[in-house]
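Student: any chance you can model this:
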Amino acid sequence: MFETFSIGTLVVVGFVLIWFWNSLYIIKEWERGVVLRLGRMLPHAKGAGLNLVFWPIETLTRMSMRIETLDVPPQDIITRDNISVKVNAVCYFRIVDANLALSQVQNYQYATSQLAQTTIRSVVGQFELDEILAQRDKVNAKLQVILDTETEPWGIKVSKVEVKQVDIPEQMQRAIARQAEAERERRAKIIHADGEFQASAKLAEAAKVLETQRSAIQLRYLQTLTEIGVEKNTTIVFPLPIDIINSWVQSLAEPKK
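Tutor: Below you'll find the model as predicted:
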């Protein structure tokens, strides 16, 4: 009788220990535990720490609350100006409501990935190629707002979307290179013309000063001779005023009496 009682007690204690072991869950700091009691979801998920779940009538599913990175594969897109490009992006999201992420969508990662691909194709197609390349922040912001709005019923928060790379056809790359070269030449010509204009304006101002100050012309002659002499040239060029030459020509042209 005593031996039978001892064996029965050990069996009961063993079952209790097994039940207690299966009912204990340690949830990490970055996790939440969604509990189903007889198929019905409890309104509040379990927090971090040691939690007791009454197995087998209750089951617990761990959900990570950390930010996840989603690499969106390259998408073939036709821009608004009818240029075929390949665009790939990266999406950062995390779960903000563990109950919704488990109950409203079967696989939130796959669903978010498919939604990101379709959204990129539809949104990027609304921009021209120059806007995609030059205003990438605007494209990223629009993608983030749309994805965040669409995934909100799933308990998902899309924090950031970044377009990583835009692949352009080789012919279009050559056309863009020619366009950039032409733009640089245009800027160079404008800068050169602007420099000529400023130089001519300064020369006009200098001519006005020399016209009013006759002695300044002589000083300029002497300065020119000094500059020539510094270089140790064997030939000396002495500038003569045009007025003197004209007077000589007139005197020679007058008939002798």
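
Student: before we move on, which element is residue 14 in?
Tutor: Under the criterion DSSP states H and E, the helix or strand holding residue 14 is helix 2-23.

Student: can you list the residues that contact that helix?
Tutor: With CB atoms under 8 Å, 6 or more residues apart in numbering as the contact definition, helix 2-23 has outside contacts at 52, 53, 54, 55, 56. Every C-beta, even on glycine, is put in place using the N, C-alpha and C of the backbone.

Student: let me know the secondary structure of the residue lying closest to the second one once chain neighbours are set aside.
Tutor: If the residues on either side of it in the chain are set aside, residue 53 comes closest to residue 60, at 4.8 Å by CB to CB, 6 or more residues apart in numbering. Three-state call for residue 60 (DSSP: H, G, I helix; E, B strand; the rest coil): strand.

Student: report how many residues lie close to residue 201.
Tutor: Neighbours of residue 201 under the rule other CB atoms under 10 Å: 10.

Student: ok, it - contacts?
Tutor: For residue 201, no contacting residues are found, by CB under 8 Å, 6+ apart.

Student: please state the offset of stretch 21-30 from the chain centre?
Tutor: Offset of stretch 21-30 from its chain centre (CA atoms, centre = their mean, to the nearest Å): 41 Å.

Student: what about that stretch, how long is it end to end?
Tutor: End-to-end distance of stretch 21-30 (CA to CA, to the nearest Å): 23 Å.

Student: and if you look at stretch 17-31?
Tutor: In stretch 17-31, first residue to last residue: 26 Å (CA to CA).

Student: buried ones in that stretch?
Tutor: Within stretch 17-31, the residues that count as buried by 16 or more other CB atoms under 10 Å are 25, 27, 31.

Student: could you do stretch 77-92 as well?
Tutor: Neighbour-count burial for stretch 77-92, counted by 16+ other CB under 10 Å, picks out 77, 79, 83, 85, 87, 88, 89, 91.

Student: equivalent analysis for stretch 101-111, please.
Tutor: Judged by neighbour count using 16+ other CB under 10 Å, the buried positions of stretch 101-111 are 101, 102, 105, 108, 111.
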